[in-house]
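Colleague: Following is a predicted model, sequence given first.
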Amino acid sequence: MNERSGRPNDAGWDDDRLAAAYRSLAAAPVPADLTRSTIAAAEAAPRVGRRWGWDGGEWRRPRSVAAGGLVAIALVAILIGSLALRPTYGPGTNGSLAPAHGLTVRSVSELLAAESNGSIHGDDLAAVRGWIVQELMPACPYQPPSPALEDTCTSRKLLMTETAQTLVTFQPVEAGMSETELSPSGPHLFARELIGNYVDPVISSILDAGNSTVSPYRPLEAILVGHFHDVRAAECSADQRAACEAAFVVDQVAWLDGRTLGPNVWIGGEHDTGKLLTPRLNGAGVAAALASSLDPGDEIASIAAVQLGDITTITGQGNQVPGNGADIIWYVRVAGPPPRFPALAWGTGNGGWMIVDDASGHVRGAGGWGFVPANSASYSPSAAPSLPGGLYRLPTVNWLPGGACAGVGLDAVLRGSPTDAMVAWLENTGTNARRDVTWPAGYHARFTPNIEILDQNGSVVLRDGDHVDGACGYNPDTGWTYLEPPFK
């Protein structure tokens, strides 16, 4: 999609016609097959390899570098009215700033200063206003795969400057045109695009506005929503870890060149073949599936479809969803308060993520908002009954039950105490040895007066003394065993 450069007299789809299709879709009501129809239009466009720059009286598109990871990638990044639970607005009159998802919109220098002085906590969402400036595509030699956030020649990056700048200029020479690229001046950042939210095509749709005399290297005023301290920074090598933590990762192009945009919708490829995924749901369907789970103050920033086996390219290593690796799931980035379901020990973060199963439309799990899952070595359990009805929080993972469970043989019974840090544990039959355990998302305990374990729907699934003969796995980092039904 990034190398499509057909002329107006080509058969089928050309750049102008494709751009017009984006504008038409943006202005029209959301069709039921929005994702598929837009991808089909993009796939129908002729692929003509040409050099970027001025070519035969037409401008050619600027930098767009392919990254490693999933092979086939498509992005539908247009205004999707039904998905923006409340629309995001950009600069107002007299240069004033309207909030994006309720976030303070900072300039580039203000954003960098806020990250440096600790005003932005963890991976909280942040909004930045500046100018997206296009660069020439670099010639990259082959490089072996590297961690997603490490800065390489093939990394996908958006250059955002505090002031409007044009860095690529052209001068006539005897053989045609000569290109010159300047370095950015003043405060600037290179916002990173990672698997699950490539946003280049939405920028290309604005640049390719049907006017071949306008340079695609013109700066575009924009508001980006994103975050620092992405979980994938943990995968970087020790010498690059600090730089990875400080990288600003884009979640959404919220406003661009005078236009308010809805959530970015990104479709990934099959793990083995790279063939574009064909999910059952579209973006509107995913939003509808989440409606009852989200807080009324939530807004959807981006939506991505991937195969279950590839979800750790987004959520980070060690956060694998249980189940069939070939299944399609949706990763949804949400701005606002923690969701109403599943009930987890949410912290104070201003955004997080939800997972929706494409086949069933059911929520599979969630994370972010300061929640630390029990499969993390940094989990710190607490016995405080912080929920209504005398419920106690249990150490849980991000995922609801229902995935594939390999099964680890046990011979134990349930025990619990309201004064114990873990609240519930298993006691091996015969030896009475203790085994600490973790639970699926949404699980809680209560004492009536003995312990009862309640699932995500509030149903009692285990009582004190009940026998447990199977577990799903063991976490060597914590020394805890993960339990998921059936327990016996």
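Modeller: All right, it came through fine.
Colleague: in the sheet, who's paired with Phe447?
Modeller: For Phe447, the beta-bridge partners are Ile451 (DSSP bridges).
Colleague: scratch that, Leu224
Modeller: Following DSSP bridges, Leu224 is listed with bridge partners Val128, Val253.
Colleague: Surely Leu194 touches Ala233?
Modeller: No: taking C-beta atoms under 8 Å as the definition, Leu194 is not a contact partner of Ala233, at 10.8 Å. In short, each C-beta sits where N, CA and C put it, glycine included.
Colleague: Okay, helices next: where are they in this protein?
Modeller: Secondary structure of the chain by DSSP state H: the helices cover 15-27, 34-44, 108-116, 200-207, 241-245, 283-290, 312-315.
Colleague: Over the fourth one, what's the mean pLDDT, rounded is fine.
Modeller: To tie it back to what came earlier, the one meant is helix 200-207. Helix 200-207 carries an average pLDDT of 78.
Colleague: which strands and helices sit next to that helix?
Modeller: Judged by 3 or more C-beta pairs under 8 Å, 6 or more residues apart in numbering; DSSP states H and E, helix 200-207 is in contact with helix 15-27, strand 74-76, strand 220-227, strand 249-256.
Colleague: what separates the third one from the chain centre, distance-wise?
Modeller: Relative to its parent chain, strand 220-227 has a centroid offset of 15 Å by C-alpha atoms, centre = their mean, to the nearest Å.
Colleague: got the angle for that strand vs helix 108-116?
Modeller: Angle of strand 220-227 versus helix 108-116, following axes from the mean of the first three to the mean of the last three C-alpha atoms, to 10 degrees, is 10 degrees.
Colleague: List of residues touching strand 220-227?
Modeller: Applying C-beta atoms under 8 Å, 6 or more residues apart in numbering, the contact partners of strand 220-227 are 88, 90-91, 100-101, 103, 105, 123-132, 158, 160, 164, 191, 203, 206-207, 248-258, 301, 335, 351.
Colleague: Could you list the alpha-carbon positions for that strand in CSV?
Modeller: Output of strand 220-227 as CSV, limited to C-alpha atoms (Å, rounded to 0.1, in the frame of the first residue of the first chain):
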residue,chain,number,x,y,z
LEU,A,220,1.4,18.4,8.0
GLU,A,221,0.1,19.7,11.3
ALA,A,222,-1.0,16.8,13.5
ILE,A,223,-1.9,15.6,17.0
LEU,A,224,-0.5,12.2,17.9
VAL,A,225,-1.7,10.1,20.8
GLY,A,226,0.9,7.7,22.1
HIS,A,227,3.0,6.5,25.1
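Colleague: for it, which positions count as buried?
Modeller: Neighbour-count burial for strand 220-227, counted by 16 or more other C-beta atoms under 10 Å, picks out Leu220, Ala222, Ile223, Leu224, Val225, Gly226, His227.
Colleague: residue farthest from the centroid of this structure?
Modeller: In terms of distance from the mean C-alpha position of the chain, Glu174 ranks first, at 47.7 Å (C-alpha atoms, centre = their mean).
Colleague: Buried only: go through the contacts of strand 220-227 for me.
Modeller: The neighbour-count test (16+ other C-beta under 10 Å) applied to these identifies 88, 90-91, 100-101, 103, 105, 123-132, 158, 160, 191, 203, 206-207, 248-257, 301, 335, 351 as buried.
Colleague: thinking again about what came up before, overlap of the contact sets of Leu194 and Ala233?
Modeller: Leu149.
Colleague: So these two - more neighbours on which side?
Modeller: Shown here are Leu194 and Ala233; by other C-beta atoms under 10 Å, Ala233 has more neighbours (23 against 20).
Colleague: where does that one land on pLDDT?
Modeller: In this model, Ala233 is scored at 95, pLDDT.
Colleague: what's the neighbour count on the residue lying closest to it once chain neighbours are set aside?
Modeller: Distances taken as C-beta to C-beta, 6 or more residues apart in numbering put Cys244 closest to Ala233, at 3.9 Å, once the chain neighbours are dropped. Here the count is done by other C-beta under 10 Å, and Cys244 has 23 residues near it.
Colleague: residues touching Cys244, list them.
Modeller: Residues in contact with Cys244 (C-beta under 8 Å, 6+ apart) are Pro147, Leu149, Glu150, Asp230, Arg232, Ala233, Cys236.
Colleague: let's go with 6 Å and repeat that
Modeller: Leu149, Ala233, Cys236 (C-beta atoms under 6 Å, 6 or more residues apart in numbering).
Colleague: will you turn the residues you listed into CSV that also has distance to Glu484?
Modeller: CSV is the format used below for these (distance: C-beta to C-beta, whole Å):
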residue, distance to Glu484
Leu149, 31
Ala233, 29
Cys236, 32
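Colleague: Looking at the residues you listed, which one is closest to Arg280?
Modeller: If you rank these by distance to Arg280 using C-beta to C-beta, Leu149 comes first, at 31.7 Å.
Colleague: Please report phi then psi for the closest one.
Modeller: The phi/psi pair for Leu149 (degrees, to the nearest 10) reads phi -90, psi -10.
Colleague: From what I see, it and Ala233 are in contact.
Modeller: Yes: counting by C-beta atoms under 6 Å, Leu149 does reach Ala233; the two are 5.4 Å apart.
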